[in-house]
Structures are given as structure tokens and as C-alpha cells.
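Peer 1: Turn this into a structure:
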Amino acid sequence: MKPDAKTIQSILNRGVAEVIVESELKALLEKGDPLRLKMGFDPSAPDIHLGHTVGLRKLRQFQDLGHKVVLIVGDWTARIGDPSGQSATRNMLSQQEVEANAETYMEQFFRIVDKSKTEAVYQSEWFGEFDLEKVIRLTSKFTVAQFLARDDFSKRFREQRPIAITELLYPLLQAYDSVAIHADVEFGGTDQKFNLLVGRELQEMEGQRPQQILTVPILVGTEGVQKMSKSLGNYIGVAEQPGEMFGKVMSINDTMIAPYFELLTDLPNGELEEMRDALDGNSVNPMELKKRLALEIVAQFHSAEAARGAAAAFERTFQRGETPDEIHEVDLRGLAPDETPRLSTVLVQAKLARSSSDGARLIKQGSIQVNDVAIPGNTVYLALKSGDVIRVGRRRFAKVLR
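Peer 2: Reported below is the predicted structural model:
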């Protein structure tokens, strides 16, 4: 499909940090021949949040023009892990863990990207038979000085902190992925630029047409300061329930309203500019814009009906202070009538905490209310009766059965 100039301009500008080389990629899109779009992921974790969807939405736009996504599951590198200990998220995984994470990831991935226009491949298809001779040949193509130009490597080198040789292999392995699948375009965040450039250079060395590079901005989390991350707790997961997703969008910092509309929705550029002007001039209530944003995002991953229901529940619960109509129940009927349960254990049973230690942390932080009464941070045991409503933070509830 040959897109018009306006469509190409929009795809290569909105929600894009940098294109290398823009004139070349523009010419390829104008020509209309199917392109192979490379997207790789590390299956060290199974879930996707809205930060990941910025690049995935861009993939979908290319697919709608007739191009094909090649999704690379980094199963081979995931089984290596991070021997330097620098990455808390890159633990060594078993094949079973890789496959389980990949299955969950792809289920969420295909909520955004067209499955019928995607080819999923595993790194082990080419690295499984990679012998020492091939490794040495690969490493001979680049110098240590080239790799020390990467920001995180150069910083650690200056600070005399360890850099494992295996770490230097990761950009090479990612680059070889591009060679293996004959990638035409590779997508990634701005923090991946160095690795993407290595892929482009390696392809040229191997006699292939060098891939084009499209980087997307890093989405800032709900607090408006740091990169969206599960470990920082400032994320919105694409698999979250409509009410939870809606509530999290409503909690974002006001400074993030326009960037979220730009990167996560299809709001026309003209309306986007009007919104920015209105926010700058304080002529619009940010709460109303957040409601519109939350409706659009929930509808993307669930349905318009689910979005409207989440909006109504949010209004009842957080604007009028009512308890939700649908509320999870925690069954304590197995306890003796005079038995006082440990509160952290009840929170786990109610699925309001991941573990007893997590429950204890929430209690200590003063995050727990029962029947709208704050529970002291030093509480260990708490008498609960049938009908009591336990609340954690602003959005999570459970009703006691006893």
C-alpha cells in the first residue's frame, strides 16, 4: 500500500523521538513494498504496561500500511541472565519460565498489534547452533572503544565499576537478530539507540541493506517524574481491570495529560494543540481531560461499555465517596467466633496484598481503612465482623464474610 505524504508525515513525526535515516525510511514507505519490522522483547517479565505500548502503537500504524512485524522472543539471552549483577530484572531463566512469560506477553502484545500481520520467532532458532567460531567472528567486527561509547558503559568505566564481558555481547547479539531476520526497520525506546545502530552497522558488514531505526519517547509514569516502571509502582498495566486502569489514569500528574494523549491515543493533532493551549492558559479543568483520557485508554484495552462502567464506578467511589457496587469478598467464616485474625494475613486472603510482608508494609504506611476509619500503623491483629469493608489506598476494596 502506498500511503499519501500526509500519512507518512504523521507516522514519522507523532510519537517519534528520532528516525535514522528519515529520508531513506520515507522513500521506502512511499515505494509501498512490504517491510519487515523488527521488535524484540526480553521475556524476563510477562506483563506489558502503557510505556511499552508507545512503540507497539507505532508498529500497528506500519502494519495498517501493509508491513509485517517480526517479533523476536529473546529466549536465548534470557537464559543467560545478567552475570554482572547490574540488572535486577535480567535474572537467569529456565526454558519453562521463558515460555510462560512469552505466552502472557504475546497475549497482551496482540491487544495492540495485528496478529495476522506478525511473525513470532525465537532467538534460539539461530543462536542455538552458534558455536565458538561464530562468536569470535562476531566479536571481531567491533572494538571495545566503540562499545565504551555507550552511556551506561562509559559511566561505569569512569567510576571503575565492573563491566562483564558478557554484557558487551548483548548489543552484538541484538544486532545479529537483525541480520538473522533481514530486518528493514527496527523499533525501540530512546535508551536502545546504541544497540539499534550496532544492528544497522552489522547488517551492512554482512552485505544486507542496513535497517532503518525508529525510536520512540520513554513514557513517564503516573507521578510525572520517572520512567514508567513496575518496580517503581508508577505504571498502568494493559491487562488491568477496567476500574483499576481508569483510576490509575485519573491519578496521573496534570503535566502528563497532553503527553499521554499524544503517545497513547489517536486524538487529532489539531485538538491536541488546542488542549495544550487550554492547559497552559488554565481555561480547562484537568479533571475533565483526565476523564476523557481514561475513557479512551480503557476502551482501547477492554470496550467502550467497560470504560463507561469504570467511569460511573469512579464517580460513585471517589467523587461521592460511596463503596463500589461490585466488591471482592474475603471469607473468614472458618475462624472461631472469638478469634481475632492477623490483619496482614487477611489482606493477602482479600488479594489486597501480595504477601504478608507486603501487607505489613501497607499497614505501617497507614494505607488501610476499615469502614472508612484509618487503621493505626502498629496494628497486628484486628477484630473484623461480617460486612466490614476493608480499603487499601484509594481504589482497592474487600468485604468481610464471617
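
Peer 1: my guess is residue 176 contacts residue 134, does it?
Peer 2: No - counting by CB atoms under 8 Å, residue 176 stays clear of residue 134, with 9.1 Å between them. Every C-beta, even on glycine, is put in place using the N, C-alpha and C of the backbone.

Peer 1: what about the two, which has more around it?
Peer 2: A count of neighbours by other CB atoms under 10 Å puts residue 176 above the other of residue 176 and residue 134, at 22 against 13.

Peer 1: hmm, who's touching the helix or strand harbouring that one?
Peer 2: Residue 176 belongs to helix 165-181 when elements are defined using DSSP states H and E. Here helix 165-181 makes contact (CB atoms under 8 Å, 6 or more residues apart in numbering) with 36, 38, 40, 70, 72, 76-77, 80, 82-84, 86, 121, 123, 125-127, 135, 138-139, 142, 144, 147, 150, 153, 183, 186, 194-195, 198-203, 206, 208, 211.

Peer 1: please redo it, this time with the cut-off set to 6 Å
Peer 2: The set of residues external to helix 165-181 that reach it, using CB atoms under 6 Å, 6 or more residues apart in numbering, is 38, 70, 72, 77, 83-84, 126, 138, 147, 195, 198-199, 202-203, 206, 211.

Peer 1: May I ask which of those has the most neighbours?
Peer 2: residue 211 (29 neighbours).

Peer 1: Please report how far that one lies from residue 262.
Peer 2: 26 Å (CB to CB, to the nearest Å).

Peer 1: what's the answer for residue 38, then?
Peer 2: 24 Å.

Peer 1: try residue 23
Peer 2: Counting by CB to CB - residue 23 and residue 262 are separated by 24 Å.

Peer 1: who has more neighbours, those two?
Peer 2: Counted by other CB under 10 Å, residue 23 and residue 262 do not tie: residue 262 has more neighbours, with 17 against 8.

Peer 1: Can you classify the closest residue to the more buried one other than its chain neighbours by secondary structure?
Peer 2: Spatial nearest neighbour of residue 262, chain neighbours left out: residue 272 (5.9 Å); criterion: CB to CB, 6 or more residues apart in numbering. Judged by DSSP: H, G, I helix; E, B strand; the rest coil, the three-state class of residue 272 is helix.

Peer 1: Which pLDDT value belongs to residue 272?
Peer 2: Residue 272 carries a pLDDT value of 93.

Peer 1: same deal with residue 5?
Peer 2: Residue-level pLDDT assigned to residue 5 equals 87.

Peer 1: Quick check: closest non-adjacent residue to it.
Peer 2: residue 30 (8.0 Å).

Peer 1: helix or strand for that neighbour, which one?
Peer 2: helix 22-31.

Peer 1: which other residues reach the helix or strand just after that helix?
Peer 2: Later in the chain than helix 22-31, the nearest helix or strand by DSSP H and E is strand 36-41. Identification of contacts with strand 36-41 by CB under 6 Å, 6+ apart yields 59, 62, 67-72, 74, 178, 183-187.

Peer 1: Which members of those occur in strands, if any?
Peer 2: Taking DSSP state E, the ones among the contacts of strand 36-41 that sit in strands are 68-72, 185-187.

Peer 1: can you give me the strands for the stretch 201-350 of the chain?
Peer 2: Secondary structure of the stretch 201-350 of the chain by DSSP state E, counting those that start in this stretch: the strands cover 212-216, 328-331.

Peer 1: no, scratch that, I was asking about the stretch 51-200 of the chain
Peer 2: Under DSSP E, counting those that start in this stretch, the stretch 51-200 of the chain gives strands at 68-73, 118-122, 185-189.

Peer 1: from those strands, which stretch is densest packed?
Peer 2: Comparing these by mean neighbour count (mean count of other CB atoms under 10 Å), strand 185-189 comes out on top with a mean of 23.

Peer 1: one step back: ok, the residue nearest to residue 5 - how many residues close by?
Peer 2: Count around residue 30 with other CB under 10 Å applied: 12.

Peer 1: Would you mind measuring from it to residue 314?
Peer 2: For residue 30, the distance to residue 314 - CB to CB - is 45 Å.

Peer 1: repeat for residue 180
Peer 2: Distance from residue 180 to residue 314, by CB to CB: 47 Å.

Peer 1: Repeat that for residue 209.
Peer 2: Applying CB to CB to residue 209 and residue 314 gives a distance of 50 Å.

Peer 1: And residue 153, by the same measure?
Peer 2: 45 Å.

Peer 1: cool, residue 68 as well?
Peer 2: 39 Å.

Peer 1: And residue 217, by the same measure?
Peer 2: For residue 217, the distance to residue 314 - CB to CB - is 28 Å.

Peer 1: who's more crowded, the two?
Peer 2: Here residue 217 and residue 314 are compared on neighbour count by other CB under 10 Å; more neighbours surround residue 314, at 20 against 17.

Peer 1: Tell me the pLDDT of the more buried one.
Peer 2: 84.

Peer 1: With residue 203 instead?
Peer 2: pLDDT, residue 203: 96.

Peer 1: What backbone torsions are found at residue 64?
Peer 2: Main-chain dihedrals, residue 64, degrees, to the nearest 10: phi -60, psi -20.

Peer 1: That one: neighbouring residues, count only.
Peer 2: Counted with other CB under 10 Å, residue 64 comes out at 14.

Peer 1: Not counting sequence-adjacent ones, nearest residue to it?
Peer 2: Per CB to CB, 6+ apart, closest to residue 64 is residue 114, 7.8 Å.

Peer 1: Just give me the neighbour total for that neighbour.
Peer 2: There are 13 residues near residue 114, going by other CB under 10 Å.

Peer 1: surely it meets residue 63?
Peer 2: Yes - using CB atoms under 6 Å, residue 114 is in contact with residue 63, at 4.8 Å.

Peer 1: joint contacts of these two?
Peer 2: With CB under 6 Å, 6+ apart, residue 114 and residue 63 have no common neighbours.
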